[in-house]
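Colleague: structure here, sequence nowhere to be found:
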């Protein structure tokens, strides 16, 4: 298996693939998605600035995916940027014939897989950080596994959770809901789950200190030793 880091401007990703052709396809997909996004922001800077749902003047798939997902989750469009870009990269891998492909864009992961994949949980100083992993079964459709944290990383958060991980086949939506749930969930308030559509989101796993909260259908969780050196810094827009 090939593991290759990829850095372009604000994007710091890790690509996993069986073939260099598929790695190259992933890079091309990421760059194409970024090109669309940067061109739109150049003519509509508010799209990148607002923390509220926004209706863009664009039919480009990247922009529509970000806007639709974040409108459902009640956050600004850029809350879905990393997942959307990873999604575009894995779709490009799939179009190139890949049966296995993973793009980790700073904890926002898109993947297809013809085998089980272990995905570790990094949550700063939380008790279970780097000590557990999801065992994700084979996926012939692109799956999003996106994580937001109020205590780790450069992204803006208004919450307290050490990690909120969302599973959805709509990768942009997984990213958007990760931000939204992380912004709102509290140890004594889980009302945000009532607003999540179970037809669109498969499962949610939350770490707050030593407490875990589970919602929906999640892959098995096993003990693990996560190597922090393998963690991508992510899309920092």
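Modeller: Alright, I've got the coordinates. Values in this document were obtained by computation on a predicted structure and should not be read as measured data.

Colleague: so what sits opposite residue 120 in the bridge?
Modeller: Beta-bridge partners of residue 120, counted by DSSP bridges, are residue 133.

Colleague: give me the below-cutoff pLDDT ranges for the chain.
Modeller: 122-131, 150-160, 224-237 (pLDDT under 70).

Colleague: show me where it has its helices.
Modeller: Using DSSP state H, the helices of the chain run over 20-43, 46-49, 61-73, 81-95, 171-184.

Colleague: ranking the ones you listed by mean neighbour count, which comes first?
Modeller: Highest mean neighbour count of the helices of the chain: helix 171-184, a mean of 30 (counted as mean count of other Cβ atoms under 10 Å). (Each C-beta comes from the backbone N, C-alpha and C, glycine too.)

Colleague: quick check: angle from it to helix 61-73?
Modeller: What separates the directions of helix 171-184 and helix 61-73 is an angle of 40 degrees, with axes from the mean of the first three to the mean of the last three Cα atoms, to 10 degrees.

Colleague: so what does helix 171-184 touch, helix or strand wise?
Modeller: Judged by 3 or more Cβ pairs under 8 Å, 6 or more residues apart in numbering; DSSP states H and E, the packing partners of helix 171-184 are helix 61-73, helix 81-95, strand 108-113, strand 139-148, strand 163-168, strand 203-208.

Colleague: and the angle from the second one to helix 20-43?
Modeller: Yep, that's helix 81-95 we're talking about. Between helix 81-95 and helix 20-43, the angle comes out at 140 degrees (the same axes, to 10 degrees).

Colleague: ok now helix 81-95, how far from the chain's centre?
Modeller: Its chain's C-alpha centre and that of helix 81-95 lie 11 Å apart, by Cα atoms, centre = their mean, to the nearest Å.

Colleague: equivalent analysis for the fourth one, please.
Modeller: Taking Cα atoms, centre = their mean, one finds the center of strand 139-148 at 7 Å from the center of the full chain.

Colleague: also stretch 38-50?
Modeller: 21 Å.

Colleague: and for stretch 1-10?
Modeller: Worked out by Cα atoms, centre = their mean, stretch 1-10 lies 16 Å from the chain centre.

Colleague: so what's residue 93 up against?
Modeller: For residue 93, the contacting residues are 17, 22, 25-26, 29, 101, 103, 112, by Cβ atoms under 8 Å, 6 or more residues apart in numbering.

Colleague: mind checking which of the helices of the chain is nearest residue 134?
Modeller: helix 171-184 (13.1 Å; Cβ to Cβ).

Colleague: who touches the nearest residue to residue 31 once chain neighbours are set aside in this structure?
Modeller: Take residue 31 and drop its neighbours on the chain: the residue closest to it by Cβ to Cβ, 6 or more residues apart in numbering is residue 8, 6.5 Å away. By Cβ under 8 Å, 6+ apart, the residues touching residue 8 are 30-31, 34.
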